[in-house]
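[1] okay, here's the prediction I keep looking at, along with the sequence it came from:
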Amino acid sequence: MSRQMATKIILSLHAPPRILTVSCTERTLRKKKFVAGGRRVLTIDLSSVPICFLEDRHAQFYKLDCDESHYGNPKKGDGIYARPLEPFEDPANQAANGRLERLRTEHLMRDLRRVVSDDLRAPAEERIDTVEIGPEPPSEVLKALDGLCPNHLRSWAAWEEEIRLHSLTTIKNRWTNLESLYLIGECTGWYPDSPNIIDGKYLPDYPKIITQIEALTMRYCLGFRFDGDILPMKFKRFKIINNDVMDTFIYACMNIPGFADRLETLHIASNGGCDFNDHDLDTFHKHLIKCSNLRDLTLILGGPDQTDIGMAPFIPKSVEYLAFHCSTSDEMLEDLDTWVACAADPTWAPWLKVFAVNTDAMKRHISAFDVKLQGDVDPPKVSEFEHKLDVICKALKSRVPPVEIFI
């Protein structure tokens, strides 16, 4: 598999601007394109505690036409990246630390404007195609991105659990090429703090940039109902990972016109027990099977809500690639009989080309501590799962043409 180079520019409140070149496979690039990644990435770390980039030791200083001496040496704790003075509660230390924080912010903003200026002069094939920014980027930082024209945007929340991107709709040079959005920890559903003054209703305030995206990834988000006037009418690739997953998908089907007919790729991970505040599993099944254009379906299901139960009959007939990751519960073991019957039926998923199956759902997207608490599955039960999965796979392999199997 061929390798290509990707470049990452890193701006941070805790270190000088850096630039890093890494190699990546075409498969990695395709995967990142779905979530929000590309070949030239701008990462803006606004966290109070610096993010640890594993590749920092390979990074080089991003050259700027300015005096670089003010940066000092972060490792030695001098310059504008000097360590905060302690004790923090001391009034004199608070004042000094505040001045240092403002200085770091000023330099980050200046460096950001220079990166944008450099990007505007770069050839089209060398321009920044991905922006990663967080946590909870303020309006002035977003406005400083005016001039970029990325394809992908990734942003994450922190304590406030809120990501406001509305300033990107007021910049002079609109991000007309934006095609994917990746949100982490946005738990307001983009609802305002106060009701509408006209009718007293709480209506979501979605940034207009969502109207043009084709891919949306939501990780540990909450409260999205897609019931406003500004909706993602073009998006056809949807990835939802834990927290309100089923309800989010159901509301998208209910409230976004044409969504079920347009959706091509769906990745659902619901194994944390934080689902079904407004709906039930039957409602999810009814909406899933209506996705008539769905080609690529990944399901990572299980947990307290038993989201992996009863899924097989509701796989849309259009699906060509199906990945099913389930739990090892007694209910799921019994439910595999339905999968056996479906796999033996040539009218079930008639266009299926690839089938991946595993009982590892409770090891994905959850902490290592929670995985350890689950303990090991009894060997007799493991054998029963293996036998039924083997029957399912053999039935699919016997089709003409045979379905490619991954376990």
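    Structure received. Residues are numbered from 1 along each chain as shown.
[2] how deep is Pro401 tucked in, by neighbour count?
    Using other Cβ atoms under 10 Å, Pro401 has 6 neighbouring residues. Yep, even glycine has a C-beta here, placed from its N, CA and C like the rest.
[3] pLDDT weak spots in the stretch 101-250 of the chain?
    Along the stretch 101-250 of the chain, segments meeting pLDDT under 70 span 193-202.
[4] all strands for it, in order.
    Counting by DSSP state E, counting those that start in this stretch, the segments of the stretch 101-250 of the chain that form strands are 130-134, 152-156, 180-184, 215-219, 237-241.
[5] and the gap between the closest residue in space to Glu140 that isn't next to it in sequence and Tyr251?
    In space, and not counting its chain neighbours, Glu140 is closest to Met109: 7.3 Å by Cβ to Cβ, 6 or more residues apart in numbering. Separation of Met109 from Tyr251 (Cβ to Cβ, to the nearest Å): 37 Å.
[6] is it true that Leu148 touches Leu42?
    Yes - when contacts are counted by Cβ atoms under 8 Å, Leu148 is listed as touching Leu42 (7.4 Å).
[7] now do the helices in the chain.
    26-35, 91-121, 139-143, 245-255, 259-262, 281-288, 330-343, 368-374, 379-397 (DSSP state H).
[8] rebuild the ones you listed as TSV, extending it with distance to Arg127.
    TSV is the format used below for those (distance: least, Cβ to Cβ, whole Å):
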stretch	distance to Arg127
helix 26-35	16
helix 91-121	6
helix 139-143	18
helix 245-255	32
helix 259-262	29
helix 281-288	38
helix 330-343	47
helix 368-374	39
helix 379-397	44
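[9] for this structure, what's the longest strand?
    In the chain, taking DSSP state E as the definition, the longest strand is strand 3-12.
[10] what's the angle between it and strand 130-134?
    30 degrees (axes from the mean of the first three to the mean of the last three Cα atoms, to 10 degrees).
[11] any idea of the pLDDT on the residue located most distally from the centre of the chain?
    In the chain, counting by Cα atoms, centre = their mean, Ala92 sits farthest out from the average C-alpha position, at 41.8 Å. What the model reports as pLDDT for Ala92 is 86.
[12] if I pick it, what's in contact with it?
    Leu85 (Cβ atoms under 8 Å, 6 or more residues apart in numbering).
[13] against Leu85, how distant is it?
    Taking Cβ to Cβ, one finds Ala92 at 8 Å from Leu85.
[14] shared neighbours of Leu148 and Leu42, which are they?
    Ile128, Val131.
[15] ok, Val391 - how many residues close by?
    Val391: 16 neighbours (other Cβ under 10 Å).
[16] can you start the count at 110 instead of 1 from here on
    Sure thing, new numbering starts at 110, so read that last one as Val500.
[17] what sits against it?
    Counting by Cβ under 8 Å, 6+ apart, Val500 has contacts Val449, Ala452.
[18] on the pLDDT front, check it for me.
    pLDDT at Val500 comes out at 97.
[19] for Thr447, see how far away it is.
    From Val500 to Thr447 the distance is 12 Å (Cβ to Cβ).
[20] for Leu277, same thing?
    Taken as Cβ to Cβ, the span from Leu277 to Thr447 is 46 Å.
[21] looking at those two, which one has more neighbours?
    Legend: neighbour count by other Cβ under 10 Å for Leu277 and Thr447, higher for Leu277 (22 against 14).
[22] re earlier: how about the longest strand of the chain: buried residues?
    Neighbour-count burial for strand 112-121, counted by 16 or more other Cβ atoms under 10 Å, picks out Ala115, Lys117, Ile118, Ile119, Leu120, Ser121.
[23] next, format those residues as CSV and append distance to Asp487 and pLDDT.
    Below are these laid out as CSV (distance: Cβ to Cβ, whole Å; pLDDT from 0 to 100):
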residue, distance to Asp487, pLDDT
Ala115, 45, 82
Lys117, 46, 89
Ile118, 51, 91
Ile119, 48, 90
Leu120, 52, 91
Ser121, 49, 88
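[24] nearest to Ser289 among those?
    Lowest distance from Ser289 to these (Cβ to Cβ) belongs to Ala115, with 15.8 Å.
[25] which strand residues bridge the closest one?
    Val131 (DSSP bridges).
[26] and if you look at Thr152?
    Applying DSSP bridges, one finds that Thr152 bridges with Ile119, Glu241.
[27] closest one to Leu290 among the helices of the chain?
    Across those, closest to Leu290 is helix 135-144 (Cβ to Cβ), at 9.6 Å.
[28] now that closest one: mean pLDDT?
    So the average pLDDT for helix 135-144 ends up being 46.
[29] ok, stretch 419-430 next?
    98.
[30] CA atoms of that stretch as PDB?
    The C-alpha trace of stretch 419-430 is given here as PDB (Å, rounded to 0.1, in the frame of the first residue of the first chain):
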ATOM      1  CA  GLY A 419     -33.000  -7.900  17.500                       C
ATOM      2  CA  MET A 420     -30.900  -6.100  14.900                       C
ATOM      3  CA  ALA A 421     -30.600  -8.600  12.100                       C
ATOM      4  CA  PRO A 422     -34.000  -8.300  10.500                       C
ATOM      5  CA  PHE A 423     -33.600  -4.500  10.200                       C
ATOM      6  CA  ILE A 424     -30.400  -4.400   8.200                       C
ATOM      7  CA  PRO A 425     -31.300  -2.400   5.000                       C
ATOM      8  CA  LYS A 426     -31.200  -4.500   1.800                       C
ATOM      9  CA  SER A 427     -28.900  -1.900   0.200                       C
ATOM     10  CA  VAL A 428     -26.000  -2.600   2.600                       C
ATOM     11  CA  GLU A 429     -22.800  -3.900   0.900                       C
ATOM     12  CA  TYR A 430     -20.400  -3.600   3.900                       C
END
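[31] from the chain's centroid, how far away is it?
    24 Å (Cα atoms, centre = their mean, to the nearest Å).
[32] contacts made by that stretch with the rest, please.
    Contact partners of stretch 419-430, identified using Cβ under 8 Å, 6+ apart, comprise 390, 394-395, 397-406, 408, 410, 431, 433, 444, 447-448, 451, 456-463.
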